[in-house]
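Peer 1: 3D model of this:
(4 chains)
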Number of protein chains: 2
Amino acid sequence: MVRWEPGARDRLRKAALELYLQQGFEQTTVGEIARSVGLTERTFFRHFADKREVLFDNQDTLQHAFVDSVNAAPPDASPLEMVASALAATREFFPDERRTWSRQRQEVIMANPPLKERELLKMARLSEAVAEALRARGVAEPAATLAAESAITVFTVAFLQWLADGETRSLAALEHEALTELGTFTAALAKASKA
Amino acid sequence: MVRWEPGARDRLRKAALELYLQQGFEQTTVGEIARSVGLTERTFFRHFADKREVLFDNQDTLQHAFVDSVNAAPPDASPLEMVASALAATREFFPDERRTWSRQRQEVIMANPPLKERELLKMARLSEAVAEALRARGVAEPAATLAAESAITVFTVAFLQWLADGETRSLAALEHEALTELGTFTAALAKASKA
DNA sequence: CTTCTGATGACAGTGACTGACATCAATCCC
DNA sequence: GGGATTGATGTCAGTCACTGTCATCAGAAG
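Peer 2: Numbers count the residues shown, from 1 in each chain, chains lettered A, B, ... in the order given. Sure, this is the predicted structure:
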């Protein structure tokens, strides 16, 4: 006989998202989440640092995808090419099956400033990791930071469109479009820097 | 005879920054800040929404500077020109006299994730306000968001360099350099979008 | 002189989070 | 096989951020 049901962490994640959706983030207490899956509040905090973190448990994986892609780019790649390669890697992390789940999660996050704050922190860390990877490959500052921030911006813009869209366009296509738009926007700058 | 010393808000701001610097953000209780200037914890929360907000009281001013500059740009200005105009407006908000204060504030923020989160949220709101101003002037999505995010990124990069630098370069010069670097980074993109 | 206003104090309450200690099935080791 | 160990959990007490409510009282308004 098992002493505890396995997968406590997963059950807490699922229950938290459901309750946040149904009755709101503020209106949901941690004790409520825990009891709804047969655990105690104390156990919740052994799995997640705080009430928000339960929605951000797999960000590390995305970060590795970004960093590994930068590292895997050919030796003579430009910063832009490394960044484009990292963006390409994000596609497999968001197959269309996860769209519904991603939408629910994003809905809760956008509706609650504390969760938005946490998301922004995660994205900032992601950006910093990419910048560090670029620096390790010889890109100087402030180019590394600018390139990394641009990559995250393009990813975020494309990702939100992907969620907002019906089922029409793929994340890859939206990322490509956003990157191209960035080029259009900065076209005059490129000319100026050439002079 | 005055019942209370005037400038409660200012005194709280100053005391909070000092205590956060001296003994750390977590180690400082709100009651401690309030009592150190002859007030109660309850009064602190009447002036500031939470323990973090006391360090972010003037962000609205910066936001107005950005938005007003975008609106004041000539009618035929490109998104890039509007953004550059907004960046130019930030200079007067950070005269060299405020550098020391800005450094102390930044030191506390960078050392404490909860404060970093709040700063990121403020910057995201700033970016969104700029994007909205661009949209109001006819810039379509996703160009408006990309331009606004790029502006905030350039500003942030330049601002941090300005704080890190000795006394050598002005904020204006650093902003110009960062903007040029962004152009270099995206040069290949501009070429691709032209084709 | 009375009334009203606005910033503050006092106080009780909720909920997020932490530290310390107990429990006990599963597993390891002899 | 049986005792020691481990690891996920429960229990309980405590701190602190933050909120709602009511009282206070100097000064402005009339």
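Peer 1: The top helix by length along chain A and chain B in contact?
Peer 2: Using DSSP state H to define each element, chain A has its longest helix at helix A:113-136. Yes: Helix A:113-136 reaches chain B (Cβ under 8 Å from any Cβ of the partner chain) through A:Pro113, A:Lys116, A:Glu117, A:Arg118, A:Leu120, A:Leu121, A:Ala124. In short, each C-beta sits where N, CA and C put it, glycine included.
Peer 1: burial of the residue lying closest to the first one once chain neighbours are set aside, as a residue count?
Peer 2: It stands for A:Pro113. Spatial nearest neighbour of A:Pro113, excluding adjacent residues (Cβ to Cβ, 6 or more residues apart in numbering or on different chains): B:Leu121 at 6.7 Å. For B:Leu121, the neighbour count with other Cβ atoms under 10 Å in any protein chain shown is 21.
Peer 1: With A:Arg169 instead?
Peer 2: 14.
Peer 1: same question, A:Thr153
Peer 2: Using other Cβ under 10 Å, A:Thr153 has 23 neighbouring residues.
Peer 1: In three-state terms, label it for me.
Peer 2: Using DSSP: H, G, I helix; E, B strand; the rest coil as the criterion, the local structure at A:Thr153 reads helix.
Peer 1: Surely it touches B:Ala151?
Peer 2: No: using Cβ atoms under 8 Å, A:Thr153 is not in contact with B:Ala151; the gap is 10.9 Å.
Peer 1: quick revisit: packing partners for the longest helix of chain A?
Peer 2: Packing partners of helix A:113-136 (3 or more Cβ pairs under 8 Å, 6 or more residues apart in numbering or on different chains; DSSP states H and E): helix A:59-72, helix A:79-89, helix A:99-111, helix A:143-164, helix B:113-136.
Peer 1: So which bits of chain A are right by DNA strand D?
Peer 2: Neighbours of DNA strand D within chain A, by Cβ under 7 Å from any atom of the strand: A:Arg3, A:Trp4, A:Ala8, A:Ala34, A:Gly38, A:Leu39, A:Thr40, A:Arg42, A:Thr43, A:Arg46, A:His47.
Peer 1: Just the ones of those in helices?
Peer 2: A:Ala8, A:Ala34, A:Arg42, A:Thr43, A:Arg46, A:His47.
Peer 1: need the contact list for A:Ser150.
Peer 2: A:Val83, A:Leu182, B:Ser150, B:Thr153, B:Leu182, B:Phe185, B:Thr186 (Cβ atoms under 8 Å, 6 or more residues apart in numbering or on different chains).
Peer 1: If we use 10 Å, what do you get?
Peer 2: Contact analysis of A:Ser150 by Cβ atoms under 10 Å, 6 or more residues apart in numbering or on different chains lists A:79-80, A:83, A:127, A:130, A:179, A:182, A:186, B:146, B:149-150, B:153, B:182, B:185-186, B:189.
Peer 1: Likewise for A:Ala73?
Peer 2: Contacts of A:Ala73 by Cβ under 10 Å, 6+ apart are A:Pro79, A:Glu81, A:Met82, A:Val83, A:Ala84, A:Ser85, A:Ala86, A:Ala133, A:Leu134, A:Arg137.
Peer 1: From A:Ser127, how far off is it?
Peer 2: Using Cβ to Cβ, to the nearest Å, we find A:Ala73 at a distance of 17 Å from A:Ser127.
Peer 1: and if you look at A:Arg98?
Peer 2: 22 Å.
Peer 1: ok, the two, which is more surrounded?
Peer 2: Taking other Cβ under 10 Å, A:Arg98 and A:Ser127 do not tie; A:Ser127 has more neighbours (22 against 11).
Peer 1: wait, the more buried one sits on B:Thr153?
Peer 2: Yes: with contact defined as Cβ atoms under 10 Å, A:Ser127 counts as touching B:Thr153 (9.2 Å).
Peer 1: Nearest residue to A:Gln59 in space, please, no chain neighbours.
Peer 2: Using Cβ to Cβ, 6+ apart, the closest residue to A:Gln59 is A:Lys122 (4.8 Å).
Peer 1: check contacts around that neighbour.
Peer 2: So A:Lys122 contacts A:Glu53, A:Phe56, A:Gln59, A:Asp60, A:Leu62, A:Gln63, B:Glu117, B:Leu120 (Cβ under 10 Å, 6+ apart).
Peer 1: re the thing from before, the inter-axis angle of the longest helix of chain A versus helix A:79-89?
Peer 2: 130 degrees (axes from the mean of the first three to the mean of the last three Cα atoms, to 10 degrees).
Peer 1: Burial check on A:Asp165, number of neighbours?
Peer 2: Neighbour tally, A:Asp165, other Cβ under 10 Å: 13.
Peer 1: Distance check, it against A:Arg103.
Peer 2: With Cβ to Cβ as the criterion, A:Asp165 and A:Arg103 are 11 Å apart.
Peer 1: which of the residues of chain A next to DNA strand D are buried?
Peer 2: Among the residues of chain A next to DNA strand D, those classed as buried by 16 or more other Cβ atoms under 10 Å in any protein chain shown are A:Ala8, A:Ala34, A:Leu39, A:Thr43, A:His47.
Peer 1: just to revisit the earlier point, now a PyMOL select for only the buried ones of the contacts of A:Ser150.
Peer 2: Here is the PyMOL command that picks out the buried ones among the contacts of A:Ser150, judged by 16+ other Cβ under 10 Å:
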select buried, (chain A and resi 79+80+83+127+130+179+182+186) or (chain B and resi 146+149+150+153+182+185+186+189)
